[in-house]
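[1] kindly generate the corresponding structure for this input.
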Amino acid sequence: MVQPSAGGAVSPKGGGMMRSSAIFSGLTLISRLAGFARDLTISAFLGASNGPAADAYNTALSFPNLFRRIFAEGAFAAAFVPAYARTLESEGAEAADRVARDALAVVLVATVVLTLAAQLAMPWLMTVINIGFLDDPARFRLAVTLTQITMPYLPCMTAAALLSGVLNARGRFIVSGAYPILLNLIMLAAVWLWRGDQIQAATAASWAVLVSGFAQAGLCWWAVRKAGARIGPVMPRLSPEVKLIVITAVPALIGNSATQINVFISQNLSSFVNGGRTWLATADRLYQLPLGLVGVAIGVALLPRLARAVASGDHAQQQASMDEALALSMALTLPAAAAILGMPFFLIDALFTRLEFLTYDAVNTARALFQYGWGVPAFVLIRILAPGFFARGDTRRPMIFALVSVAVNAALALGLFWAGMGVAGIAAATSAAAWVNVALLAGALWRRGHWRPGPAVLSRVLRIGLASAVLGGLVAVAERFRPQIEAPIAAVLQHGAKEIALIAVTAVGGLAYLILLFATRAVTVAEVKGLVRRAR
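    Presented below is the predicted three-dimensional model:
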């Protein structure tokens, strides 16, 4: 719900970050479950190392997403959301919607031009971004074709992300959390209906990406209109407000573009290994689950709340928002990281090894997943710490820190890959660079006095870490004795023993973690009751 504030602005009513994050996380969970079903289906039909389709499909999926992270979820969004929220707070809805209309027109023109140029130059681009594909002409040609199909997803997703930012600033989180579900459902349906052979399934999935882009943009536009915002097509113009957004976005654009250098290096290195792109992509989907459910959700709720607190000079609210975000994110992230570190092969083998996805693929994917596991808290923390700068209009420092982490990632990825770690070395480099970025972001916030975590929240995070460490030990023991766990299940059921065993281990581990949270008083019964009362 939203209500008018003084001056005609629209501001959120009730709730707070916990409620906003819960709404967004709940819908993101549904989306991730749908995406998980999609990934299981596609992996089963495409495999990884036993044909060209899987690597080509993952290239086609990742290429528009590379630019999406710059425009839709990166620099432009980081500059637009605070600007829209400030205008909404100070000048009212009409002025804010005018800023949004102009910004949408400009960014759509930019992404459409980029899309057309990329489609025309795709054979040459593919030669640069996947050098290893040149040794396999069939894989190279298929990757070019599929990426040309998926590239128009970029302007659609950029429009959806900007409109989602409008909804978030107005306190509407349902559609912004729900619209990614469309991508997963449409892709899942397409692959099931037109699966055929590996190449046919990959082609169907690529066309589904394009269709879902239009569906997502349409849904967000409808929701914005329903929320009362008047945002429609206008001729692009660089109004003073849009110029300021662009100027503010430039440092973050450089930082995010530099971050994509890591993606470029990772893709190039993994393209030398048959199936390498798919191993990384499969591991990426699992470690991205806590990032999507926790980091993105809390970051989305945190940024407009911080922007309002900074605009009003409410330092107590700024501190409380950051403390709450840290405690909540770590309570949900650290156990996920512990599970990934404790049983990587159990997770990958039980979930993905079937049909065309071989045990050989599972072993190599699990090695990469383990290296991502110890970086999971850092990936989430970046999403929590960066809004502390963006809410103050500071995109320069995150850009500098991103450039430093890029250098770390590039050096480590090249060194570890050629030193013998292979694809797992690429994942290890990504995690190390993320921790470097966290250290730089946190240090800058501390030095400038913008945020210093209080003793209470640090104590809570330590207790959460203890509970997570015990959880990690339990699941590591389960992976060690996996045959003994699966044997009695297999004696009763012909199929599904490994899947049921994984569900049972996860359930027991999750219950143990919850008990430890209460035992260490990282969470108290009174707090849970208070949360329930606030939700009501």
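
[2] what residues are up against W194?
    Q200, A201, T203, A204 (Cβ atoms under 8 Å, 6 or more residues apart in numbering). Heads up, the C-betas are built off the backbone N, CA and C, glycines and all.

[3] could you check how far it is from E94?
    46 Å (Cβ to Cβ, to the nearest Å).

[4] equivalent analysis for V523, please.
    44 Å.

[5] ditto for T395
    With Cβ to Cβ as the criterion, T395 and E94 are 27 Å apart.

[6] ditto for G313
    Relative to E94, and taking Cβ to Cβ, G313 is found at 25 Å.

[7] with neighbour numbers in mind, choose between these two.
    E94 (12 against 8; other Cβ atoms under 10 Å).

[8] which SSE is that one in?
    helix 93-120 (DSSP states H and E).

[9] same thing with W192?
    Per DSSP H and E: helix 180-193 holds W192.

[10] other residues contacting that helix?
    So helix 180-193 is in contact with 27-28, 30-31, 34-35, 37-38, 41-42, 45, 201, 204-205, 207-209, 211-213, 215-216, 219, going by Cβ under 8 Å, 6+ apart.

[11] repeat for stretch 365-375
    48, 279-280, 282-284, 286-287, 337, 340-341, 344-345, 347-349, 352, 422-428, 430-432, 434-435.

[12] which ones among the residues you listed lie within helices?
    Using DSSP state H, the members of these that fall in helices are 279-280, 282-284, 286-287, 337, 340-341, 344-345, 347-349, 352, 423-428, 430-432, 434-435.

[13] for this protein, which segments count as strands?
    2-4, 10-12 (DSSP state E).

[14] confidence-wise, which of the ones you listed is weakest overall?
    Per-stretch mean pLDDT for the strands of the chain is lowest at strand 2-4 (a mean of 36).

[15] for the stretch 151-300 of the chain, which segments count as helices?
    For the stretch 151-300 of the chain, the helices defined by DSSP state H, counting those that start in this stretch occupy 153-169, 174-178, 180-193, 198-226, 240-270, 276-290, 297-312.

[16] any idea which of those is most buried?
    helix 153-169 (a mean of 26; mean count of other Cβ atoms under 10 Å).

[17] and it, what does it pack against?
    The helices and strands touching helix 153-169, judged by 3 or more Cβ pairs under 8 Å, 6 or more residues apart in numbering; DSSP states H and E, are helix 53-71, helix 75-90, helix 93-120, helix 174-178, helix 198-226, helix 297-312.

[18] now do the second one and helix 93-120, the angle between them.
    Between the axes of helix 75-90 and helix 93-120, defined by axes from the mean of the first three to the mean of the last three Cα atoms, to 10 degrees, the angle is 170 degrees.

[19] please name the residues that touch Y287.
    I340, L369, Y372, G373, G375, V376, F379.

[20] what is the neighbour count of the second one?
    A count of neighbours around L369, defined by other Cβ under 10 Å, yields 27.

[21] number of nearby residues for the nearest residue to G165 once chain neighbours are set aside?
    Once flanking residues are discounted, G165 sits nearest to V81: 4.4 Å by Cβ to Cβ, 6 or more residues apart in numbering. When neighbours are defined as other Cβ under 10 Å, V81 has 25 of them.

[22] out of the helices of the stretch 151-300 of the chain, which gets nearest to R98?
    helix 240-270 (7.8 Å; Cβ to Cβ).

[23] quick revisit: ok, which pair from the contacts of Y287 is furthest apart?
    L369 and F379, at 13.3 Å, using Cβ to Cβ across the contacts of Y287.

[24] low-confidence ranges in the stretch 251-400 of the chain?
    252-260, 291-312, 314 (pLDDT under 70).

[25] how near is L134 to L66?
    20 Å.

[26] and these two? Which one has more around it.
    Using other Cβ under 10 Å, the more surrounded residue of L134 and L66 is L66, with 17 against 12.

[27] so that one makes contact with I261?
    No. With contacts counted by Cβ atoms under 8 Å, L66 stays clear of I261, the gap being 10.6 Å.

[28] name the nearest residue to L466, ignoring sequence neighbours.
    T520 (6.0 Å).

[29] give the contact list for that neighbour.
    R463, L466, A467.

[30] phi, psi for it please.
    phi -90, psi 0 (degrees, to the nearest 10).

[31] just checking, F133 touches V273?
    No. Checked against Cβ under 8 Å, the pair F133 and V273 is beyond contact range at 11.4 Å.

[32] show me where the stretch 401-536 of the chain has its helices.
    Counting by DSSP H, counting those that start in this stretch, the helices of the stretch 401-536 of the chain are 423-447, 455-480, 482-492, 497-519, 525-535.

[33] same list (those helices) but as CSV, adding distance to A190.
    Putting those into CSV (distance: least, Cβ to Cβ, whole Å) gives the following:
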stretch, distance to A190
helix 423-447, 28
helix 455-480, 35
helix 482-492, 34
helix 497-519, 25
helix 525-535, 37
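
[34] tell me who's in contact with L416.
    A424, G425, I426, A428, A429.

[35] so how far is I265 from it?
    11 Å.

[36] need the residues touching each of those two.
    I426.

[37] so what's L412 closest to, chain neighbours aside?
    That would be A429: by Cβ to Cβ, 6+ apart, it lies 3.6 Å from L412.

[38] what residues are up against the one you found?
    N262, V408, N409, A410, A411, L412, A413, L416.

[39] pLDDT-wise, what's the bottom of those?
    N262 (73).

[40] hmm, that residue is touching T430, no?
    Yes. Using Cβ under 8 Å, N262 is in contact with T430, at 6.8 Å.

[41] so what's F67 up against?
    Neighbours of F67 in contact, by Cβ under 8 Å, 6+ apart: T111, L114, L154.

[42] from R521, how far out is it?
    46 Å.

[43] pull the number of nearby residues for the residue lying closest to F133 once chain neighbours are set aside.
    Using Cβ to Cβ, 6+ apart and skipping the chain neighbours, the partner closest in space to F133 is F140 (4.2 Å). Using other Cβ under 10 Å, F140 is surrounded by 22 other residues.

[44] and F140, what pLDDT?
    93.

[45] touching, it and I131? I think so.
    No. Counting by Cβ under 8 Å, I131 is not a contact partner of F140; they are 10.2 Å apart.
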